[in-house]
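Student: sequence first, then the predicted structure, then my questions.
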Amino acid sequence: MSCIVLYLVTYVDFGSHNCDGSSDEMICALPGCNDLSPATPAAWFSVGLQPDITYHPDRAKWLARTARRLKEDPSLPNTPLPVGFPSRITSPLVWEGKDWPDEKEWVYELGGEHLKEIDAAVKHFHSLQLYIGHVSSETFPLPTLGPVLKGLARELHSGRGFFVLRNLPVDAYSRSDIVLIYTGVSSYIGSTRGLQDKNGGVLAHIKDLTQTHKGIGTPAYTTDKQVFHTDTGDIVSLFALQTAAEGGTSRISSSWRVYNELAATRPDLVRTLAEPWPTPLYYLDSKLILQYARRYFTGFLALPRSAEIPPITEAQAEALDALHFLGEKFSLGLNFQKGDIQYINNLGIFHARDGFKDSEEQARHLLRLWLRNEELAWETPQALKPLWEKTFGALPDEQTFALDPVMRAAGKGKE
C-alpha cells in the first residue's frame with residue numbers, strides 16, 4: 001500500500017566535518033513505505049539500551065546474537081519478504097570474489113597510445129584556458145580511449161559493477177595535472193561530479209592524517225580498517241597516488257549477492273533493512289539499492305554516536321553485522337597499485353579497506369571522486385532524491401579541487 005511517513009535517512013552534512021560519505025540525519029517525507037504501516041520514528045528503534053555493537057564488527061557477538069534471537073523466535077526464517085522484493089536476483093552484478101580468479105577480467109591496462117592521447121588532452125585543456133571545473137569529454141578529448149571508457153561505464157551499470165584502469169604515470173605529472181587527468185578520464189565514466197564538502201569540493205584525499213590533524217572521526221583519515229559501507233552517489237572512484245608500505249587492500253562486495261543469501265536464509269533481516277531507518281534498502285525498477293554506513297550507529301574516535309539517535313534494536317544490530325560479515329565472506333580484494341583508478345557501482349556494491357602501515361618512504365594516498373552518469377544512471381529512490389540533487393548540483397565554477405589533503409570543512413577557493 002502507499003503511505004506517507006517521517007523517514008530518517010543518512011546524508012552528507014555539508015556543514016560539519018570528517019566525512020566518509022555519510023553522516024548525521026535528516027527527517028523527510030517518504031511516499032510509499034515498502035508495505036509497512038505508518039509509524040513514528042521512535043517505533044523503528046529500540047526504547048531500551050543501545051545493543052552491544054561497535055564500529056569494528058565482532059563475529060562472536062554477531063553469532064551469539066543470531067543464536068539468541070533464533071532461539072527466542074524460531075519463526076524468523078519464515079518471515080515473508082517485503083512486498084515487491086524478489087526471492088532471488090539473477091544478474092551479472094550477483095557475484096562472489098571466487099568468481100574472479102584472474103584480475104585481467106576487470107583490469108584495463110592503458111597502452112602507450114592511450115597515454116599519448118591523455119597527454120595530448122592535458123595540453124588541449126590548458127590551451128582552452130578554462131577552470132578545471134569545466135573538464136568534460138568535450139574539453140578533454142580522448143578519440144580512441146573515450147569509447148573504451150564509455151563501454152566500461154556501461155559495465156558499471158549493467159555488468160559486474162566494477163573495473164580498474166592501470167598504468168597512469170603518476171610521477172610524470174605535477175599534482176595539478178594529475179588531478180586534471182583523473183578528472184578528465186573520469187568524465188567519460190560519469191560526467192556529473194558530486195560534492196564532498198560544503199566548500200564545493202568534488203575531490204577528496206584519502207590519507208592518514210592522524211599525525212597532522214586533530215578531531216578525526218572517520219577511519220578514512222587513519223590507518224585503521226574500514227568496514228563495509230557505501231558512500232554517497234552512483235559511482236565511487238579511487239585513484240592511487242601511492243599505496244601503503246604494508247596492507248591497505250581495497251575490498252569490494254556485491255550487495256546483490258548478500259541480498260540473495262539473506263533472502264534465502266534470513267528474510268526477516270531483509271525486512272528489517274527495508275524498514276524506514278537510516279540503513280535504506282530499496283528495490284526499484286528491478287534493481288536493489290543499498291545505502292548505509294555503520295559508523296552512523298556506533299561512532300568512531302572523535303565523532304561519537306549522536307545522542308539524538310534512539311538506540312537501535314537487536315534485529316537492526318544483527319542486520320548490520322550480517323551485512324558486514326556476508327559482505328566480507330563474498331568479497332574480492334583488489335590488488336591496488338600506484339597509478340590505478342578503481343571505479344565501482346556504489347548502489348550495488350559496497351566496499352571496505354584493510355588496515356595498513358605507512359613508512360617514511362611510502363605512504364598510502366588516494367584521491368576520490370563521486371560520479372553520476374546521467375545517461376546510464378539507475379532510477380534514484382524518491383527518499384534519496386533531495387540528497388542526490390544537493391550532491392550533484394554544483395556548477396563547474398562552483399567546484400573546488402584541493403591539491404593537498406584537507407579535512408572536509410577545509411579546501412576553500414579554487415584549487
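Tutor: On my side now, so go ahead.

Student: all contacts plus neighbour counts: C-alpha atoms, from now on.
Tutor: Noted.

Student: next, count neighbours for Lys225.
Tutor: Using other CA atoms under 10 Å, Lys225 has 17 neighbouring residues.

Student: any idea how far Gly159 is from it?
Tutor: 28 Å (CA to CA, to the nearest Å).

Student: and for Leu395?
Tutor: For Leu395 relative to Gly159 (CA to CA), the value is 30 Å.

Student: which one of the two has more residues nearby?
Tutor: More crowded of Leu395 and Gly159, by other CA under 10 Å: Gly159, with 15 against 12.

Student: out of everything not next to it in sequence, what's closest to that one?
Tutor: Pro92 (5.3 Å; CA to CA, 6 or more residues apart in numbering).

Student: ditto for Thr144
Tutor: Nearest one to Thr144, counting by CA to CA, 6+ apart, is His114 at 7.6 Å.

Student: any chance you could list what contacts stretch 88-100?
Tutor: 158-161, 253-257, 259-260, 263-264, 330-333, 348 (CA atoms under 8 Å, 6 or more residues apart in numbering).

Student: now, of these, which are buried?
Tutor: 158, 160-161, 253-257, 259-260, 263, 330-333, 348 (16 or more other CA atoms under 10 Å).

Student: filter these down to the ones in strands?
Tutor: The strands, defined by DSSP state E, take in Ser253, Ser254, Leu332, Gly333 from the buried ones among the contacts of stretch 88-100.

Student: contacting residues for Ala377?
Tutor: Counted by CA under 8 Å, 6+ apart, Ala377 has contacts His157, Asp234.

Student: Thr79 is in contact with Asp268, isn't it?
Tutor: Yes: assessed by CA atoms under 8 Å, Thr79 is found in contact with Asp268 at 5.2 Å.

Student: between those two, which one's more packed in?
Tutor: Asp268 (21 against 14).

Student: which secondary structure state does that one sit in?
Tutor: Three-state assignment for Asp268 (DSSP: H, G, I helix; E, B strand; the rest coil): helix.

Student: coming back round to it: return the member of the ones in strands among the buried ones among the contacts of stretch 88-100 nearest to Leu165.
Tutor: Ranked by distance to Leu165 (CA to CA), those are led by Gly333 at 15.6 Å.

Student: please list all residues in contact with the closest one.
Tutor: Gly97, Thr249, Ser250, Arg251, Ile252.

Student: so which of the residues you listed is the most crowded?
Tutor: Ile252 (24 neighbours).

Student: for the nearest residue to that residue once chain neighbours are set aside, what are its contacts?
Tutor: Once flanking residues are discounted, Ile252 sits nearest to His351: 4.3 Å by CA to CA, 6+ apart. Counting by CA under 8 Å, 6+ apart, His351 makes contact with Val227, Phe228, His229, Thr230, Ser250, Arg251, Ile252, Ser253.

Student: same deal with Arg166?
Tutor: Val107, Tyr108, Glu109, Leu110, Gln337, Gly339, Asp340, Ile341.

Student: re the thing from before, part of a strand, is the residue nearest to Gly159?
Tutor: No: judged by three-state DSSP, Pro92 forms no part of a strand; its state is coil.

Student: how close does it sit to Phe85?
Tutor: 18 Å.

Student: could you do His114 as well?
Tutor: Counting by CA to CA, the gap from His114 to Phe85 is 43 Å.

Student: related to what we said a few turns ago, comparing Pro92 and Phe85, which residue is more hemmed in?
Tutor: Phe85 (20 against 12).

Student: for that one, which non-adjacent residue is closest in space?
Tutor: Per CA to CA, 6+ apart, closest to Phe85 is Tyr283, 6.3 Å.

Student: just to be sure, that neighbour is in a strand?
Tutor: Yes: applying three-state DSSP, one finds Tyr283 inside a strand.

Student: and it, how many neighbours does it have?
Tutor: Count around Tyr283 with other CA under 10 Å applied: 17.

Student: partners of it in the sheet?
Tutor: Leu288 (DSSP bridges).

Student: so for it, what's the pLDDT?
Tutor: On pLDDT, Tyr283 comes in at 95.

Student: host element of Thr139?
Tutor: Assessed by DSSP states H and E, Thr139 sits outside every helix and strand.

Student: now for it: which residues touch it?
Tutor: Per CA under 8 Å, 6+ apart, neighbours of Thr139: Ala121, His124, Phe125, Leu128.

Student: could you do Asp171 as well?
Tutor: Here Asp171 is in contact with no residues (criterion: CA under 8 Å, 6+ apart).

Student: what's the pLDDT at Ser16?
Tutor: For Ser16, pLDDT reads 34.

Student: for the stretch 101-250 of the chain, just list every one of the strands.
Tutor: For the stretch 101-250 of the chain, the strands defined by DSSP state E, counting those that start in this stretch cover 107-109, 162-166, 192-193, 201-207, 226-229, 235-242, 246-247, 250-254.

Student: same list, those strands, but as TSV with mean pLDDT please.
Tutor: As requested, those are exported to TSV (pLDDT from 0 to 100):
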stretch	mean pLDDT
strand 107-109	97
strand 162-166	98
strand 192-193	98
strand 201-207	95
strand 226-229	91
strand 235-242	98
strand 246-247	90
strand 250-254	97
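
Student: turn these into a markdown table, including distance to Arg65.
Tutor: Converted to a markdown table, the strands of the stretch 101-250 of the chain look like this (distance: least, CA to CA, whole Å):
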| stretch | distance to Arg65 |
| --- | --- |
| strand 107-109 | 40 |
| strand 162-166 | 33 |
| strand 192-193 | 41 |
| strand 201-207 | 34 |
| strand 226-229 | 19 |
| strand 235-242 | 33 |
| strand 246-247 | 31 |
| strand 250-254 | 24 |
